[in-house]
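*Asks:* Sequence and predicted structure are below.
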Amino acid sequence: MSLRFHYKLIRVSHAVLPLGGRWVRPRPLIVVTVIGPAASRLRIAVLDPAADDTVFPATLAPFLVSI
């Protein structure tokens, strides 16, 4: 089984020399749902199939847990 993801060109603040000096970098962006005990949020994330961990900003946590 294989999955295909479209890459989106993301503008960067400096020229990317390994990409021939382009001002955009291709990224495999996907929509994910972050689920907590009290709520869930949709976010756009960079797909990295070789990553061992998934990291989200700490500012997201208060929106997912009950207070």
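*Replies:* Good, I have the coordinates. From a predicted model like this one, the values you see are computed outputs, not experimental measurements. Numbering: from 1, shown residues only.
*Asks:* Now do the longest strand belonging to the chain, average pLDDT.
*Replies:* Looking across the chain with DSSP state E, the single longest strand is strand 8-16. Per-region confidence: strand 8-16 scores 96 on mean pLDDT.
*Asks:* ok, and what's touching the helix or strand just after it?
*Replies:* Later in the chain than strand 8-16, the nearest helix or strand by DSSP states H and E is strand 22-27. If you take Cβ atoms under 8 Å, 6 or more residues apart in numbering as the criterion, strand 22-27 is touched by 7-12, 14-16, 19, 46. Quick note: C-beta positions are derived from backbone N, CA and C, even for glycine.
*Asks:* Tell me the first helix or strand C-terminal of strand 22-27.
*Replies:* Taking DSSP H and E, what comes next after strand 22-27 is strand 29-35.
*Asks:* And that next one, what's buried?
*Replies:* Within strand 29-35, the residues that qualify as buried are residue 34, counting by 16 or more other Cβ atoms under 10 Å.
*Asks:* Centre of the chain to that strand, how far?
*Replies:* Between the centre of strand 29-35 and the centre of its chain there are 8 Å (Cα atoms, centre = their mean, to the nearest Å).
*Asks:* what's the average pLDDT for it?
*Replies:* 92.
*Asks:* sorry, back to before: in a markdown table, list the contacts of strand 22-27 along with neighbour count.
*Replies:* Listed next are those as a markdown table, based on neighbours: other Cβ atoms under 10 Å:
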| residue | neighbour count |
| --- | --- |
| 7 | 11 |
| 8 | 13 |
| 9 | 11 |
| 10 | 11 |
| 11 | 8 |
| 12 | 12 |
| 14 | 7 |
| 15 | 10 |
| 16 | 13 |
| 19 | 12 |
| 46 | 11 |
